[in-house]
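>>> Sequence first, then the predicted structure:
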Amino acid sequence: MNNVNQADPREIQTLQMYLNEYGQQLELMTQQLGMIEQQRFEGSAAIEALRTIQENADSVVLLPVGGGAHLRVKVLDADSVLVNIGADVSVEKGTADAVEYLEDRLTELEALAKKVAGSVEQLQGQATEISRRLEAAYRGARQAQAGQGGSS
């Protein structure tokens, strides 16, 4: 009998292992995209809030204090903002500078999101190819098994 259609069990196992690894990587990258999107949302909200406060110096804002509770507070100094620049370090900036800094950060996050999305797309393509190869290997194994069963 011709062994061309017979699938090597080691190949099937290896392909399944690769498919599982790609699935785990895709899950991690999808989570990373979610975190990036959350940061983008928060950055956009901060920019809008800073602009609104700057335009309405006497406005009252809601200050989240945790547990879903908020206080109505009046901003004392709308011209000065503390901005986290990373590693739990904050610097004081003027409102316009803070908005510009946050906009730059949004631009960086958008670029990072595109890069991660491209990696996700590439991994999905590789996973699809592995799935096709795995399905072909399974078909070959079934055909080989059917051929052996019929020749007995």
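Great, that's in hand. Residues are numbered from 1 along each chain as shown.
>>> C-alpha from now on. contacts and neighbour counts both.
Fine.
>>> can you tell me which residue is nearest the centre of this structure?
Geometric centre of the chain, nearest residue: residue 33, 1.4 Å, by C-alpha atoms, centre = their mean.
>>> Go ahead and confirm that one touches residue 113.
Yes. With contact defined as C-alpha atoms under 8 Å, residue 33 reaches residue 113; the gap is 6.2 Å.
>>> Mind telling me what element the residue nearest to residue 26 when sequence neighbours are not counted is part of?
Distance criterion C-alpha to C-alpha, 6 or more residues apart in numbering; nearest residue to residue 26, sequence neighbours excluded, is residue 120 at 6.1 Å. Per DSSP states H and E: residue 120 is located in helix 95-150.
>>> other SSEs contacting that helix?
Judged by 3 or more C-alpha pairs under 8 Å, 6 or more residues apart in numbering; DSSP states H and E, helix 95-150 is in contact with helix 9-55, strand 80-86.
>>> okay, the angle between that helix and strand 80-86?
Relative orientation of helix 95-150 versus strand 80-86 (axes from the mean of the first three to the mean of the last three C-alpha atoms, to 10 degrees): 30 degrees.
>>> now the angle from helix 95-150 to helix 9-55?
Angle, helix 95-150 to helix 9-55, by the same axes, to 10 degrees: 160 degrees.
>>> State the distance from the residue nearest to residue 26 to residue 127.
Distance of residue 120 to residue 127, computed by C-alpha to C-alpha, to the nearest Å: 10 Å.
>>> show me where pLDDT drops low in this structure?
Counting by pLDDT under 70, the ranges of the chain that qualify are 1-7, 149-152.
>>> at 80 what do you get?
Scanning the chain with the threshold set as pLDDT under 80 gives 1-8, 57, 140-141, 143-152.
>>> In a helix, residue 70, correct?
No. Counting by DSSP: H, G, I helix; E, B strand; the rest coil, residue 70 falls outside a helix, being strand.
>>> Count the residues that sit near the closest residue to it other than its chain neighbours.
Leaving aside its sequence neighbours, residue 70 sits nearest to residue 64 (C-alpha to C-alpha, 6+ apart; 4.3 Å). Per other C-alpha atoms under 10 Å, the neighbour tally for residue 64 reads 11.
>>> I figured residue 64 hits residue 71, correct?
Yes. In this structure residue 64 lies within contact range of residue 71 using C-alpha under 8 Å: 6.5 Å.
>>> thinking again about what came up before, and the residue nearest to residue 70, how close does it get to residue 73?
Distance from residue 64 to residue 73, by C-alpha to C-alpha: 10 Å.
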